[in-house]
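Visitor: Fold the following.
(chains A, B, C, D, E and F)
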6 protein chains.
Amino acid sequence: MRPSGRRADELRPISIQRQFTKHAEGSVLIGFGDTRVLCTASVEARVPPWLRGQGRGWVTAEYGMLPRSTHTRSDREAARGKQQGRTVEIQRLIGRSLRAAVDLQALGERSVVVDCDVLQADGGTRTAAITGAFVALTDALEGLVRQRALPASPLHGQVASVSVGVYRGEPVLDLDYAEDGEAETDMNVVMNDAGAFIELQGTAEGHAFRRDELDRMLALAEKGVGELLQHQQEALAT
Amino acid sequence: MRPSGRRADELRPISIQRQFTKHAEGSVLIGFGDTRVLCTASVEARVPPWLRGQGRGWVTAEYGMLPRSTHTRSDREAARGKQQGRTVEIQRLIGRSLRAAVDLQALGERSVVVDCDVLQADGGTRTAAITGAFVALTDALEGLVRQRALPASPLHGQVASVSVGVYRGEPVLDLDYAEDGEAETDMNVVMNDAGAFIELQGTAEGHAFRRDELDRMLALAEKGVGELLQHQQEALAT
Amino acid sequence: MRPSGRRADELRPISIQRQFTKHAEGSVLIGFGDTRVLCTASVEARVPPWLRGQGRGWVTAEYGMLPRSTHTRSDREAARGKQQGRTVEIQRLIGRSLRAAVDLQALGERSVVVDCDVLQADGGTRTAAITGAFVALTDALEGLVRQRALPASPLHGQVASVSVGVYRGEPVLDLDYAEDGEAETDMNVVMNDAGAFIELQGTAEGHAFRRDELDRMLALAEKGVGELLQHQQEALAT
Amino acid sequence: MRPSGRRADELRPISIQRQFTKHAEGSVLIGFGDTRVLCTASVEARVPPWLRGQGRGWVTAEYGMLPRSTHTRSDREAARGKQQGRTVEIQRLIGRSLRAAVDLQALGERSVVVDCDVLQADGGTRTAAITGAFVALTDALEGLVRQRALPASPLHGQVASVSVGVYRGEPVLDLDYAEDGEAETDMNVVMNDAGAFIELQGTAEGHAFRRDELDRMLALAEKGVGELLQHQQEALAT
Amino acid sequence: MRPSGRRADELRPISIQRQFTKHAEGSVLIGFGDTRVLCTASVEARVPPWLRGQGRGWVTAEYGMLPRSTHTRSDREAARGKQQGRTVEIQRLIGRSLRAAVDLQALGERSVVVDCDVLQADGGTRTAAITGAFVALTDALEGLVRQRALPASPLHGQVASVSVGVYRGEPVLDLDYAEDGEAETDMNVVMNDAGAFIELQGTAEGHAFRRDELDRMLALAEKGVGELLQHQQEALAT
Amino acid sequence: MRPSGRRADELRPISIQRQFTKHAEGSVLIGFGDTRVLCTASVEARVPPWLRGQGRGWVTAEYGMLPRSTHTRSDREAARGKQQGRTVEIQRLIGRSLRAAVDLQALGERSVVVDCDVLQADGGTRTAAITGAFVALTDALEGLVRQRALPASPLHGQVASVSVGVYRGEPVLDLDYAEDGEAETDMNVVMNDAGAFIELQGTAEGHAFRRDELDRMLALAEKGVGELLQHQQEALAT
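Guide: Residues are numbered from 1 along each chain as shown, chains lettered A, B, ... in the order given. Here you go, the predicted structure:
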């Protein structure tokens, strides 16, 4: 019944490839089906101006889509001279999600910038980005420990994200592009490994969703995030 | 226990003043306590380029804060030459929320732009903006009916919004500025008069929220939105 | 003969409401008839870079019109990413006018920024802005004296502004929107309480004005500013 | 008593060189003493969007200073990506002044853009620009007559501009850079050949100016503009 | 003697992977050693405004580096709101190089936009981009033939590019990052399969290059481009 | 055979006028035929941020065309808010060319900015700019010696530039506008007084150029630059 033939509670095939590029402290190519996002984590020895001199660190994210990652080419934001509202929203979401897993005090006065660049889009780019960015961030922070710049990783949990939605009247997990355009409701859920919520962003696109639909979507999200956390652990174990 | 002395499930005093300015087709000054937002709805005889020739209309919103609506002065976005990420996020949210209540086909090839300008900020500006914008939009659409430009209002429901959060461990309704800075979790909820959800945006700022906290917050939001819908009706009845 | 029925030398009803919003050090809603401008004065503990370390202060102004303060909606300057030439001209005029009344040396190394935001436009927004901004500035400077940050107010005079023009061949005072579009000549005059000129900006829009017309306009302006100075004093006395 | 040794009512040496560059329909290098401005008038077969289809023409101006036309180098506005407020003000002033001399109806649906670029600045660049731009505009309009695109020049008068000010307590004509920085009052006056005023922009920089000072400045301006109109005629006669 | 141990006339290992992403009409990941550039060619049914209605097509290119494709992170151009001079230069070079191989008349009124995004940089990104972009362009044009939109491919030749330089006094082929920073002279050469030059951009960074050094560099470039043309053919044959 | 009647190896008349404006440390109006470029060199007591504290100086250039320096008016870049790609390319080329002649260590921690503004364009503006900029730079550096700010000029050579191209099948020197639009190949060559190459930028616009054509163009360039170096010396000797 889903265009992909998946069950309602079935994720797309997940792939997580670490060290995809060589310069970044963390570099992960994550795939949620045909959606592929390159997440690189860069450690910098400075913090934003408003945080200077407080002994605390910062974690932030930037997001971009290559112009032809999509079905039809989009304008290059660098050429237009302006990031779109959607881009700004997504990169703020990724940044907040990652910061929820990091002890910024323990990080000390340094920053980690995670760049999430979509090489190929097929729905769910922001949830793939968060899930991959967490792995890149982990690698970057472990690098600081290995270099003895930090005594221990300032991570205090694990974070992953998935989308859920109501497609043709039925709650489903991890919408792809074919479903996304038609879904009546679309919700992005970010959770940690304690099963608690970090971000919840639900939008009714066709009809408003009732409380019982919300409950069923949240249950799907809990299942999906659980599996993604497992994928992250496996990727980090190799 | 709340800085304002309110009960956990108590809204701030709500005021809705229609026809606050004279040029706009709808002009509403809404107050959620000390938060005051001027919402003006402007009808335009054209639609955005990507919608031309389809016979459908469009409803959109823009949001701004006067530079000294806040405790300390913020830069004027027009002078900086760029809207902040937060501004862009909020105006997209308001636009989506309003469109959820309008039959764009019935509106015909015209636009309504709702400007939400914060004169004084004390927390919850986006929820006040949505709630006031709905009233301004209603007035603008009724105006089209009165001028016989439309046979009936293309509104198919009522929309209001409120914030909920976890403040000092306790779920509370309609956070003000004093609570907002300290809240561990903050969620903006947009609902319609059928009791269904249009938007749900929850962010854990201190600690991630558990499912039971989410359920209690949603219950508070349902109560608060119910009262706001009532305030809207009373304002529109006069 | 004037659309409003006013005599040639008659101001519109003037209203000056102090403490219109609560955060700013000075906050004034001024009305020149249906023109309503919110003027807020913000004290900041720093000066622009080019003035640092000289022990002198700075007074500046910013101006904006809410998008639907006018008959038809104008683009939001923050969204366009650029202030219009007219905006820049007006805010420079307001700043110069206010500085003419302040002893910047006595102000010390701090700034006052006066934001003038037009809530409703009906002609003469810049003259209303200057006249209201002076009151907001006075309140902000008095606040510094009350907090003992300054021994005395660095104001050394009073400033107000009015427009004059030639409408259907006749010099008139305080043009409203209905007159403004049709006026052959339009002049904005800023004066102090010693009866001297601070700014004079006259533009012939239809036909060039002769010296005798100029003299008659200046006489009207002197009368009008005199009354506005009186309105300011009354507002400040309450 | 004046740094240049000039009498209070004496202009600097004026030079007007037509056909300074070869591509423009009008090209004038004007000198007010050491101030040198290149004014080129370009005829274009279109009008701005808001004027299309009305059968009327448009005259507008742009202004710029070469980065090292001044004592110390200023940033190139093209590199900063933004024109300064002063630039915008001046080019609007030049445009209005020129339009006051043209019958836009008779010009037909075409534009003349006059670019005023300051090669060397020594005070009074805007008044030199207006005075030179008028000559370039005249040449461009005469060209249309010669090509039989127009039956007669749509000019209905002559326009020139000069500055006056109060320097060390004394009203003087045509301030140069040495006087400008020190002047207590500075006024730019644009007049036509009927002796009427087109623009009057006076600013008190040190002390506000009294009515009698204004009258003496206006008398100087009338004398100065009279001489400039004569210089224009002589230049156009060759 | 070269940091990589290569001979003076030896290219780095070249890899060309077609169909790297699925949406674009041509999608090539090219590697010149560790330099990896994703080149996607997008066919669009329109041409730039200045070319409309002439029956001719257009080929253009855009270039970008992912922020952490380099040793240290660079600002994201979309976030800075401006493309750097280097970026603009490179994308103009790629566009001109590709157009030299295409019969724009035969292409008809459509565009091909080739996006070259550097995933990993190790010197020579512009030459890799041109060489890969040609393959992506070929695939996109062949696609038009397969869809019978064109009777034959409008390509009339093959284009590839390589850098040459003087490193420690010795002309060498295909500089990598380690050599590039130290090279005294750096030249990018674009040639076609007839052995003729399309672009030549040589820059003396340390000392100016003599005519005999130029001749030796050109000979190396001819050899290198010959091998790259062979690599392109092999990739296109599979 | 050339539109101007020149021989294939003949430069246009060259004029170099020093001290064209009075404020700049070096100010040169250079003419290559009807192409006229004003080059001003400004000495500044600071270096760009990335060079601070290293004891070395910097030489850079900016380039602009007056809007009506060309046959038809171009948009003013300051008004568009963006420099064109061509402008950026040219100013980077001028800067690199000048730096090739200066010992930046000997210059000490100061900058020279050379502004090249095209008053009239007739082909070859960038080569005229480089050739004139060198003279302005020389004057500015000599000024530092005369003021005893430097013991000797940090110039270690002379730099000039000319274009060559293939026009109607024949290599020619110093293309003017009439030739430029039609040339099949266009190359800008920057050389020093030791006969070595500093920059070489060749572009095939019609057909790719063969090695023998390149050799003939280089020979013409060597002859042309030789004559330009002579013109510079003569100008500097007066």
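Visitor: What count of nearby residues applies to the residue lying closest to A:Ser74 once chain neighbours are set aside?
Guide: Nearest non-adjacent residue to A:Ser74, counting by CB to CB, 6 or more residues apart in numbering or on different chains: A:Pro67, 5.5 Å away. From N, CA and C alone the C-beta is placed, and that goes for glycine too. Neighbour count of A:Pro67, defined by other CB atoms under 10 Å in any protein chain shown: 22.
Visitor: cool, A:Gly55 as well?
Guide: 12.
Visitor: And A:Gly108, by the same measure?
Guide: Neighbourhood size, A:Gly108 [other CB under 10 Å]: 15.
Visitor: could you say what helices and strands the lowest-mean-pLDDT helix or strand in chain A packs with?
Guide: Sorting the helices and strands of chain A by mean pLDDT, DSSP states H and E puts helix A:77-80 at the bottom, at a mean of 92. Using 3 or more CB pairs under 8 Å, 6 or more residues apart in numbering or on different chains; DSSP states H and E, the elements in contact with helix A:77-80 are helix E:77-80.
Visitor: Which parts of the helix or strand following the helix it packs on count as buried, going by neighbours?
Guide: Of the helices and strands lying after helix E:77-80 in sequence (DSSP states H and E), the nearest is helix E:85-99. Neighbour-count burial for helix E:85-99, counted by 16 or more other CB atoms under 10 Å in any protein chain shown, picks out E:85, E:87-99.
Visitor: and the helix or strand following helix E:85-99 with chain F, contact?
Guide: Following helix E:85-99 in sequence order, the next helix or strand is helix E:104-107 (DSSP H and E). No - if you take CB under 8 Å from any CB of the partner chain as the test, helix E:104-107 misses chain F, and the best it gets is 12.5 Å.
Visitor: would you put the C-alpha positions of helix E:104-107 in PDB?
Guide: Only the C-alpha atoms of helix E:104-107 are listed here, as PDB (Å, rounded to 0.1, in the frame of the first residue of the first chain):
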ATOM      1  CA  LEU E 104      24.600  26.100 -29.100                       C
ATOM      2  CA  GLN E 105      22.500  26.500 -32.300                       C
ATOM      3  CA  ALA E 106      22.000  22.700 -32.500                       C
ATOM      4  CA  LEU E 107      21.100  22.600 -28.800                       C
END
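Visitor: tilt between the following helix or strand past it and strand A:111-120?
Guide: Per DSSP H and E, the first helix or strand lying C-terminal to helix E:104-107 is strand E:111-120. Going by axes from the mean of the first three to the mean of the last three CA atoms, to 10 degrees, strand E:111-120 is angled at 140 degrees with respect to strand A:111-120.
Visitor: how about A:Glu227, secondary structure?
Guide: Put simply, A:Glu227 is helix when judged by DSSP: H, G, I helix; E, B strand; the rest coil.
Visitor: burial count for it?
Guide: 17.
Visitor: Could you find the closest non-adjacent residue to it?
Guide: With CB to CB, 6+ apart, the residue lying closest to A:Glu227 is A:Leu11, at 5.8 Å.
Visitor: who's in contact with the one you found?
Guide: A:Leu11 sits next to A:32, A:162, A:173-174, A:224, A:227-228 when contact means CB atoms under 8 Å, 6 or more residues apart in numbering or on different chains.
Visitor: Among those, which lie within strands?
Guide: Among the contacts of A:Leu11, the ones falling in strands (DSSP state E) are A:32, A:162, A:173.
Visitor: Could you check how far the closest residue to chain F within chain A is from B:Gln84?
Guide: Chain F sits closest to A:Gly81 of chain A, with a gap of 7.5 Å, by CB to the nearest CB. Noted for A:Gly81: a distance of 17 Å to B:Gln84, by CB to CB, to the nearest Å.
Visitor: ok, the residue of chain A closest to chain F touching E:Ala79?
Guide: No - A:Gly81 lies out of contact with E:Ala79 (CB atoms under 8 Å); the separation is 10.7 Å.
Visitor: Could you see whether chain B lies near stretch A:174-191?
Guide: Yes - Stretch A:174-191 lies within reach of chain B by CB under 8 Å from any CB, at A:187, A:191.
Visitor: mean confidence for that stretch?
Guide: Average pLDDT, stretch A:174-191: 94.
Visitor: Is that stretch in proximity to chain E?
Guide: No - Stretch A:174-191 does not reach chain E (CB under 8 Å from any CB); its nearest approach is 10.1 Å.
Visitor: tally of neighbours for the residue of chain A found nearest chain D?
Guide: Per CB to the nearest CB, A:Gly81 is where chain A lies closest to chain D, at 9.1 Å. The number of residues packed near A:Gly81 is 17, by other CB under 10 Å.
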